[in-house]
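Participant: Okay, here's the prediction I keep looking at, along with the sequence it came from:
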Amino acid sequence: MLSRDLEAVVDTLIPGRSFHLVAHDWGSIQSWESVTNGPLTSRILSFTSISGPSLDHVGFWLRDQIRDIRGGGTLRVLRQLASSWYVFLFQIPVVPEAMWQSGLDRLWPGILKKHEGVTDARFSPLQKADGRFGVKLYRANFLGHLINPAKRYAHCPVQVLLPSNDNYVGPQLFDQLVQWTGKLTRVELDAPHWAPLTAPDQVVKAIRNFVTQPPNPASGT
């Protein structure tokens, strides 16, 4: 459903045209659907993902790590689960919405300023509804894809931007991404999770370098 939203937007703004896709967090998570499947695959020239892995790719990563006990896979899984604690909280009915609406929504801008470096964070009247409905994205998508992942192969060049101080999405989630993308570009950013807001110059530079790369004759891209 989210991929059809993207299709509707690009068909309205740039009908029939190809485009470079850049996405962050949930925008990136949902964009993997369009990058790997559906009517937009022939139009997406490249995909830059920031702190938003494919849930299916994460599902396969979890399987591999659980099997790799001697190689430290269990520790890597536990470390990521500790970072993603909120995902499991969001699966509980009613409780997250109640916490958000009881005042956490108004505290959120202060949390972003203090812990994430988002200096211009401010409260929005829409914030309460955004959180109340946004939590449903986690319930509708996470567990199904993690437990029963589908094989998803990218149809365009892919770049991942990895904020070095991301408190939620660890770089280990992208360690096996090359098997789903072929040639992969990885760029580390000196930034927290909200890199598009806190380090826009780094983000823009990485995207510009990626999308202006000359075609690779060997791969046809």
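Facilitator: Okay, I see it. Residues are numbered from 1 along each chain as shown.

Participant: okay, CA-based contacts and neighbour counts for the rest of this
Facilitator: Will do.

Participant: Could you identify the helix or strand that succeeds the helix or strand hosting Trp108?
Facilitator: Following DSSP states H and E, one finds Trp108 within helix 105-116. Sequence order places helix 127-147 as the next helix or strand after helix 105-116, per DSSP H and E.

Participant: Show residues contacting the helix or strand just after that following helix.
Facilitator: Scanning forward in sequence from helix 127-147 by DSSP H and E, the next helix or strand is strand 158-165. Residues outside strand 158-165 that contact it (Cα atoms under 8 Å, 6 or more residues apart in numbering) are 46-51, 171, 181, 183-193, 195, 203, 206, 210.

Participant: Show me which residues of the helix holding Trp108 are buried.
Facilitator: The neighbour-count check on helix 105-116 (16 or more other Cα atoms under 10 Å) flags Asp105, Arg106, Trp108, Pro109, Gly110, Leu112, Glu116 as buried.

Participant: Not counting sequence-adjacent ones, nearest residue to the first one?
Facilitator: For Asp105, the nearest residue in space outside its immediate sequence neighbours is Lys128; the separation is 5.8 Å by Cα to Cα, 6 or more residues apart in numbering.

Participant: separation between the one you found and Trp108?
Facilitator: 10 Å (Cα to Cα, to the nearest Å).

Participant: Same question for Tyr168.
Facilitator: 16 Å.

Participant: Which secondary structure element of the protein has the lowest mean pLDDT?
Facilitator: helix 73-83 (a mean of 90; mean pLDDT, DSSP states H and E).

Participant: does the residue nearest the centre of the chain sit in a helix, a strand or a coil?
Facilitator: By Cα atoms, centre = their mean, the mean C-alpha position of the chain lies nearest to Gly52, the distance being 1.1 Å. At Gly52, secondary structure determined by DSSP: H, G, I helix; E, B strand; the rest coil is coil.

Participant: List the contacts of it.
Facilitator: So Gly52 contacts Ala23, His24, Asp25, Trp26, Gly27, Ser28, Ile29, Val169 (Cα under 8 Å, 6+ apart).

Participant: ok, 7 Å please
Facilitator: His24, Asp25, Trp26, Ser28, Ile29 (Cα atoms under 7 Å, 6 or more residues apart in numbering).

Participant: neighbours around Gly16, how many?
Facilitator: Close neighbours of Gly16, defined as other Cα atoms under 10 Å, add up to 11.

Participant: Name the helix or strand for it, please.
Facilitator: Using DSSP H and E, Gly16 falls outside every helix and strand.

Participant: repeat for Asp201
Facilitator: Assigned by DSSP H and E, Asp201 falls in helix 200-211.

Participant: Centre of the chain to that helix, how far?
Facilitator: 17 Å (Cα atoms, centre = their mean, to the nearest Å).

Participant: list the buried ones in it?
Facilitator: Buried residues in helix 200-211 (16+ other Cα under 10 Å): Gln202, Val203, Ala206, Ile207, Phe210, Val211.
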